[in-house]
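Engineer: Here is my input, please return the structure:
(one chain, ligands or ions: 1)
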Amino acid sequence: MLFKELSEAFEELEKVSSQTEMIKILADIFKQANADEIDKICYYTLGETAASYKKVTLGMAEKIVQQSISLAADMDINIIKDETNKIGDLGEVAFTTIKDNDNRFKTFFNTKNGLTIQDVDNGLKKITMSSGSGSAEVKQKILAAMLTIASPFERKYLVRLVTRTMEFGVGEATVLNALASAFLGSKKEKPKLEAAYNLCSDIGLIAQVLDKKGLKGITKIKITLHIPMKPMLAQRVSKFNEIKQKINSTIIAAEEKYDGERIEAHKDGQTVTLFSRRLTDVTTQYPDIVENVKKYVKTDKAILDGEAVAYNDKKDVFYPFQKLMQRRRKYNVKEYMKEIPVKYMLFDVIYRDGQSLMKKSYPERRKNLEEIIDNNNLIKVANRRLTDNLDEIDEFFQECLDNNLEGVVCKSCSPTSYYQAGARKYYWIKWKKDYASELRDTLDLVVIGAYPGRGRRRNTYGSLLCTAYNPEKDAFQTVCKLGTGFSDQELENLPQKFKTLKKINKPARAEVLKIIEPTYYFTPKIVVEVLGAELTKSPIHTCAQDETKKGISLRFPRFIRWRPEKNAEDATTTTEILDMFKEQ
Ligand code: ATP
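Structural biologist: Down below sits the predicted model:
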């Protein structure tokens with residue numbers, strides 16, 4: 001398929017805002033693509049150049065892209081810079097400045113009919129691979145060559161792709177819907193696609209299997225070493241004694257709930273890959289965990305689930321999440337590794353030596369885990385209390401709080417307590433210290449806008465517009481304006497934090513009523529944990545609107561912390577908020 005055809009579809013996609021229309025456009029293009037192209041089409045639609053868990057660095061800074069446009073347009077770089085200042089979007093700059101002239105770069109690509117998807121993929125791979133001294137010039141020329149051959153619309157999207165500014169308001173859920181519509185005729189079988197995607201989070205690969213082998217191929221997709229799978233999640237209850245009613249198991253395993261970063265470790269001999277909760281590759285972030293998994297996991301191949309927690313080995317105490325976040329850095333990782341040691345607390349094993357353990361009960365998986373871990377100060381199986389008595393769990397919970405932990409995760413020991421990738425069910429129930437105050441749980445909300453500050457806050461934002469995620473509609477619906485709970489430092493940093501996410505118009509997936517329209521809009525990306533006093537019906541918010549158009553809003557919201565480990569789509573869902581509202 002020609003990249004031109006895809007760009008034309010993108011152009012259409014940009015003009016529509018309804019989910020149904022988007023699905024139709026994408027489904028049409030998926031039907032036309034062959035299996036070697038469809039994966040790339042999925043990635044490009046989502047603004048990526050490869051599966052999102054892969055660490056692909058194109059290294060195309062604004063300056064380099066401007067140079068490419070200048071070369072392809074045969075124009076002085078200063079003109080391109082002026083145009084960038086005027087227009088803002090580099091894609092539009094490429095669209096308007098480059099003309100179809102006889103440019104010397106045309107010879108770079110051996111193509112008569114225009115760029116194919118494969119050509120674009122090759123070009124992007126070359127850009128990614130060129131590194132070291134002189135690489136900026138090579139990258140510039142490769143992009144310039146592609147831009148020269150391309151048509152105006154293709155140029156726009158090529159540039160947006162390399163600058164990672166492609167945004168149609170299409171999320172993974174919409175792509176899955178479009179794949180279902182293209183290959184399965186309807187959304188009915190979509191749960192099977194979702195289940196496969198939960199096991200193998202490479203949407204391009206899922207599309208290829210679907211294209212080549214249909215639904216049969218999809219149901220055969222298995223967990224694979226070095227491809228992340230979605231983690232199992234925990235439900236919440238509003239009253240402590242509901243744990244017993246909901247968990248459907250006489251014996252309950254209350255495990256310590258650690259306040260760190262969820263890490264899925266894949267061990268394959270001496271190769272270890274670590275994935276975050278957002279399923280990004282964080283292997284280089286934790287060289288110590290990599291070493292300890294190699295050393296202390298007594299089996300050749302395994303997929304482990306656990307939490308990396310900042311730890312003071314001298315005092316034998318855990319630190320909270322914020323301390324761990326100081327280790328999040330590109331440089332000096334080793335230095336910080338010594339300053340802030342991390343203990344990897346393991347609570348599950350999903351795969352052991354060629355065998356998936358997903359369909360084994362929690363007690364069986366736990367037994368497997370205990371067999372393969374050589375417990376020590378650096379890596380250890382989670383502490384727990386096994387009991388049928390809630391008072392004992394309460395006692396254990398208090399002990400956890402005394403040990404600087406967040407609370408407990410109660411796990412069902414029933415024969416059907418399987419590992420359920422991506423699912424939030426009552427097999428795991430969390431009970432946290434925050435539950436004792438105000439609302440029983442915090443909400444993880446996505447910031448999509450801000451209002452200017454006044455007085456003391458005149459140089460920063462007064463409040464942020466926060467949304468919950470509606471997976472059915474693939475939309476972000478407003479829940480509250482958040483303006484309290486920030487430290488002075490946090491407040492001051494707000495404009496900087498959201499700088500690169502600013503948008504002129506409302507993001508396509510945001511549902512905002514006119515009456516609370518913010519002054520600034522942001523691409524939905526940053527997730528914030530918020531505690532409030534009460535959920536109430538509100539006519540100005542769009543979250544879980546009822547027949548009378550009344551939504552649900554959060555009263556007296558207070559900033560707790562940022563959740564950099566979460567994607568926008570991992571935010572609290574509108575259904576969860578509706579359930580919490582009903583339970584109040
Ligand atoms: P929270 O904000 O409450 O940490 P979350 O939305 O990140 O929750 P949930 O599935 O709701 O994720 O809660 C479980 C989380 O708690 C896991 O994602 C994991 O990171 C963490 N955790 C800590 N200890 C455990 C444990 N023993 N078992 C399972 N999860 C644990």
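Engineer: element containing the residue lying closest to L193 once chain neighbours are set aside?
Structural biologist: Of all residues not flanking L193 in the chain, L176 sits nearest, at 5.3 Å (Cβ to Cβ, 6 or more residues apart in numbering). For the C-beta atoms, the positions are set from N, CA and C on the backbone; glycine is no exception. If you go by DSSP states H and E, L176 is part of helix 172-183.
Engineer: State the mean pLDDT of that helix.
Structural biologist: In this model, helix 172-183 has a mean pLDDT of 94.
Engineer: Could I get the buried residue list for it?
Structural biologist: E172, A173, T174, V175, L176, N177, A178, L179, A180, S181, A182, F183 (16 or more other Cβ atoms under 10 Å).
Engineer: do the same with stretch 48-63
Structural biologist: Buried residues in stretch 48-63 (16+ other Cβ under 10 Å): E48, T49, A50, A51, S52, Y53, L58, M60.
Engineer: how far is it from where the chain is centred?
Structural biologist: 15 Å (Cα atoms, centre = their mean, to the nearest Å).
Engineer: again with stretch 190-209
Structural biologist: Stretch 190-209 has its average C-alpha position 16 Å from the chain's average C-alpha position, going by Cα atoms, centre = their mean.
Engineer: now swap in stretch 287-302 and tell me
Structural biologist: Worked out by Cα atoms, centre = their mean, stretch 287-302 lies 26 Å from the chain centre.
Engineer: Show me what the mean pLDDT comes to for it.
Structural biologist: Mean per-residue pLDDT for stretch 287-302: 97.
Engineer: buried ones in it?
Structural biologist: Neighbour count says stretch 287-302 has D288, I289, V290, N292, V293, Y296, V297, K301, A302 buried, by 16+ other Cβ under 10 Å.
Engineer: Stretch 459-474 now?
Structural biologist: Quick answer for stretch 459-474 (16+ other Cβ under 10 Å): T460, Y461, G462, S463, L464, L465, C466, T467, A468, Y469, N470, D474.
Engineer: That one near the ligand anywhere?
Structural biologist: No: Stretch 459-474 does not reach the ligand (Cβ under 6 Å from any ligand atom); its nearest approach is 12.0 Å.
Engineer: what about that stretch, average pLDDT?
Structural biologist: Rounded mean pLDDT across stretch 459-474 is 94.
Engineer: from the chain's centre, how far out does that stretch sit?
Structural biologist: The chain centre lies 16 Å from the centre of stretch 459-474; the measure is Cα atoms, centre = their mean.
Engineer: Using PDB, write out every CA atom in that stretch.
Structural biologist: What follows is stretch 459-474, C-alpha atoms only, in PDB (Å, rounded to 0.1, in the frame of the first residue of the first chain):
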ATOM      1  CA  ASN A 459       2.400  32.900  37.300                       C
ATOM      2  CA  THR A 460       0.900  29.400  37.300                       C
ATOM      3  CA  TYR A 461      -2.400  27.600  36.900                       C
ATOM      4  CA  GLY A 462      -5.300  28.200  39.300                       C
ATOM      5  CA  SER A 463      -6.700  24.700  38.800                       C
ATOM      6  CA  LEU A 464      -6.600  21.700  36.500                       C
ATOM      7  CA  LEU A 465      -9.600  20.100  34.700                       C
ATOM      8  CA  CYS A 466      -9.500  16.400  35.500                       C
ATOM      9  CA  THR A 467     -11.300  13.500  33.800                       C
ATOM     10  CA  ALA A 468     -12.000   9.800  34.100                       C
ATOM     11  CA  TYR A 469     -11.700   7.300  31.300                       C
ATOM     12  CA  ASN A 470     -14.700   5.800  29.600                       C
ATOM     13  CA  PRO A 471     -13.300   2.700  27.800                       C
ATOM     14  CA  GLU A 472     -16.600   2.000  25.900                       C
ATOM     15  CA  LYS A 473     -16.500   5.400  24.200                       C
ATOM     16  CA  ASP A 474     -12.700   5.700  24.400                       C
END
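Engineer: hang on, the earlier thing: quick one, what contacts the residue nearest to L193?
Structural biologist: Contact analysis of L176 by Cβ atoms under 8 Å, 6 or more residues apart in numbering lists K190, L193, E194, Y197, I203, I206.
Engineer: what about 7 Å?
Structural biologist: K190, L193, E194, Y197 (Cβ atoms under 7 Å, 6 or more residues apart in numbering).
Engineer: just K425 next, same as before
Structural biologist: Q235.
Engineer: which residues does it bridge with?
Structural biologist: Beta bridges link K425 to A234, judged by DSSP bridges.
Engineer: Check the secondary structure at W428 for me.
Structural biologist: Using DSSP: H, G, I helix; E, B strand; the rest coil, the secondary structure recorded for W428 is strand.
Engineer: Just give the number of residues close to it.
Structural biologist: 23 (other Cβ atoms under 10 Å).
Engineer: is it true that it touches S417?
Structural biologist: No: here W428 does not reach S417: they are 8.8 Å apart, not a contact under Cβ atoms under 7 Å.
Engineer: any residues in contact with both of those two?
Structural biologist: With Cβ under 7 Å, 6+ apart, W428 and S417 have common neighbours K411.
Engineer: one step back: find the pair from the buried residues of stretch 287-302 with maximum spatial separation.
Structural biologist: D288 and K301 (21.1 Å; Cβ to Cβ).
Engineer: now M229: how far from I203?
Structural biologist: M229 sits 13 Å away from I203, going by Cβ to Cβ, to the nearest Å.
Engineer: Of these two, give the one with the bigger neighbour count.
Structural biologist: Neighbour totals were compared for M229 and I203, and M229 leads with 25 against 22 (other Cβ under 10 Å).
Engineer: Surely the more buried one touches L199?
Structural biologist: Yes: here M229 reaches L199: they are 5.1 Å apart, a contact under Cβ under 7 Å.
Engineer: Check the secondary structure at the residue in the stretch 1-150 of the chain positioned nearest to the ligand for me.
Structural biologist: Using Cβ to the nearest ligand atom, Y53 is the residue of the stretch 1-150 of the chain that sits closest to the ligand, at 17.1 Å. What three-state DSSP gives for Y53 is coil.
Engineer: again, but for I448
Structural biologist: Applying three-state DSSP: I448 is strand.
Engineer: Need the per-residue pLDDT for it.
Structural biologist: 98.
Engineer: do you know how far S131 is from V120?
Structural biologist: S131 is 20 Å from V120, by Cβ to Cβ.
Engineer: So which of these two has more stuff around it?
Structural biologist: V120 (24 against 11).
Engineer: Could I get the buried residue list for stretch 509-516?
Structural biologist: In terms of neighbour count (16+ other Cβ under 10 Å), stretch 509-516 has its buried residues at R509, A510, E511, V512, I516.
Engineer: count of residues packed around the closest residue to T484 other than its chain neighbours?
Structural biologist: Leaving aside its chain neighbours, T484 sits nearest to R558 (5.4 Å; criterion: Cβ to Cβ, 6+ apart). Look at R558: counted by other Cβ under 10 Å, it has 18 neighbours.
Engineer: what do you get for the one 5 residues further on?
Structural biologist: Applying the criterion other Cβ under 10 Å, we find 20 residues in the vicinity of R563.
Engineer: Flag every buried residue along the helix or strand hosting N85.
Structural biologist: Assessed by DSSP H and E, N85 sits inside helix 77-87. Buried positions in helix 77-87, judged by neighbour count with 16+ other Cβ under 10 Å: I80, K81, E83, T84.
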